[in-house]
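Asker: have a look; sequence and predicted model below, questions after that.
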Amino acid sequence: MNKKGQLLERPFIFIFTLIVGAMVFAFGFYLINNLIKTSNCSQIGLFANDLKNNVERYYSFDIGSSTEVTLKLPKNIQQVCFYSKDGYINREVLDKINPGLYESINNLDYNLVFVPLNYCGKSLFKIEKMKPKENPLCVLNSGNIKLTIENKGEFVEISN
């Protein structure tokens, strides 16, 4: 038999158990969301690395050599833009995609940007010997991005 004082402690034990369970659930949800975001950000790095490897490979081929490559991107990335500092960059195209994007990339030495910029810690990349056919060339993300790369002698041209 329980005494009167022992009967009053049971509701507190149940309440404490519910609070601890809710905290464990919330912490687990937070960790899983961060793990998914980290996975998506690593997929962006893989995209840039695969593109860099393809550009380097086709740079060493004969002039006119070309191929179509398909690269994967996470769904949270809306667009990927390629641009060249050497030529005129159409500011209107970049500002339609994301207001302030032109100012964000104008003074930086990169040529590949993933939009939205603040989704990952690193959204800007530099791939040597690569120039877009149009400046800038922005491709809408549908999960897989199909690009054509072609050796132009001094650089590798990328087009959609």
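Answerer: Arrived safely. Numbers count the residues shown, from 1 in each chain.

Asker: helices along this structure, start to end?
Answerer: When assigned using DSSP state H, the helices of the chain occupy the ranges 4-59, 91-97, 101-106.

Asker: quick one: Lys122 from Asn49, how far?
Answerer: According to Cβ to Cβ, to the nearest Å, Lys122 and Asn49 sit 12 Å apart. The C-beta positions use only the backbone N, C-alpha and C, and glycine is treated the same way.

Asker: now the helices of the chain as JSON lines including mean pLDDT and distance to Pro116?
Answerer: Formatted as JSON lines, these follow (pLDDT from 0 to 100; distance: least, Cβ to Cβ, whole Å):
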{"stretch": "helix 4-59", "mean pLDDT": "86", "distance to Pro116": "12"}
{"stretch": "helix 91-97", "mean pLDDT": "79", "distance to Pro116": "10"}
{"stretch": "helix 101-106", "mean pLDDT": "76", "distance to Pro116": "9"}
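
Asker: kindly state which of those helices is positioned closest to Val80.
Answerer: Checking the helices of the chain against Val80 by Cβ to Cβ gives helix 4-59 as the closest, at 7.6 Å.

Asker: by contact count, what packs against that closest one?
Answerer: Applying 3 or more Cβ pairs under 8 Å, 6 or more residues apart in numbering; DSSP states H and E, one finds that helix 4-59 contacts strand 66-72, strand 112-115, strand 144-151, strand 156-159.
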